[in-house]
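# got a predicted structure plus its sequence, pasted below:
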Amino acid sequence: MIGYVTLGTSDLQRAARFYDAIAGEMGIGRMMDFETFIAWGAPGGGAGIGLTKPFDGKPATVGNGVMVALEAKDKDQVQRLYDIALAHGGTDEGAPGPRGEGFYAGYFRDPDGNKLNAFVMGPAAA
């Protein structure tokens with residue numbers, strides 16, 4: 001159902017370095033790259049992520065209660081994505097670990113404060 005998610009940033013190049021690293025671990029590259037907008041994903045693939053400077057010219061803000069979940073291949077990739085996020089200016093919101101039966105996730109924020117997680121469900125979460 002979701003085509004893509006767009007997050008705001010006040011520093012597109014700083015945020016791009018963060019998302020280039022995250023997307024690289026997931027085997028995805030940039031599919032759009034403009035002066036005020038960059039998107040990662042694959043045409044015809046799953047939902048992608050876009051970053052933009054707000055159209056109204058005001059500073060980007062974080063949506064309270066908003067989170068983007070990135071589906072990982074396995075628990076090891078959850079850990080790698082979490083580590084990559086922290087190494088590229090992200091902050092911890094909950095180290096990788098089980099979050100109930102059949103769900104394993106690590107939570108972090110990007111350099112602009114947008115909340116994300118990397119997760120696996122089902123047998124890969126065991």
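Thanks, I have it.
# what's the helix or strand for the most centrally placed residue in the chain?
The structure's the chain has its C-alpha centroid closest to Leu116; by CA atoms, centre = their mean the separation is 5.2 Å. In this structure, Leu116 sits in strand 115-121 according to DSSP states H and E.
# give me the sheet partners of that strand and which way each runs.
strand 67-71 (parallel), strand 103-109 (antiparallel) (DSSP bridges).
# following the chain past the shortest one, name the next helix or strand.
Elements were assigned by DSSP H and E; along the chain past strand 67-71, the next helix or strand is helix 75-87.
# sheet partners, orientation included, of the helix or strand just after that next one?
Per DSSP H and E, the first helix or strand lying C-terminal to helix 75-87 is strand 91-98. Next to strand 91-98 in the sheet, as set by DSSP bridges, lie strand 103-109 (antiparallel).
# for Glu101, see how far away the closest residue to Gly63 other than its chain neighbours is.
On the basis of CB to CB, 6 or more residues apart in numbering, the spatially nearest residue to Gly63 that is not a chain neighbour turns out to be Asn114, at 7.9 Å. For every residue, glycine as well, the C-beta is placed using N, CA and C. The gap separating Asn114 from Glu101 is 28 Å, by CB to CB, to the nearest Å.
# between these two, point out the one with more neighbours.
Comparing Asn114 with Glu101 by other CB atoms under 10 Å, the one with more neighbours is Asn114, at 24 against 7.
# just checking, that one touches Val62?
Yes. Between Asn114 and Val62 there is a contact under CB atoms under 8 Å: 5.7 Å.
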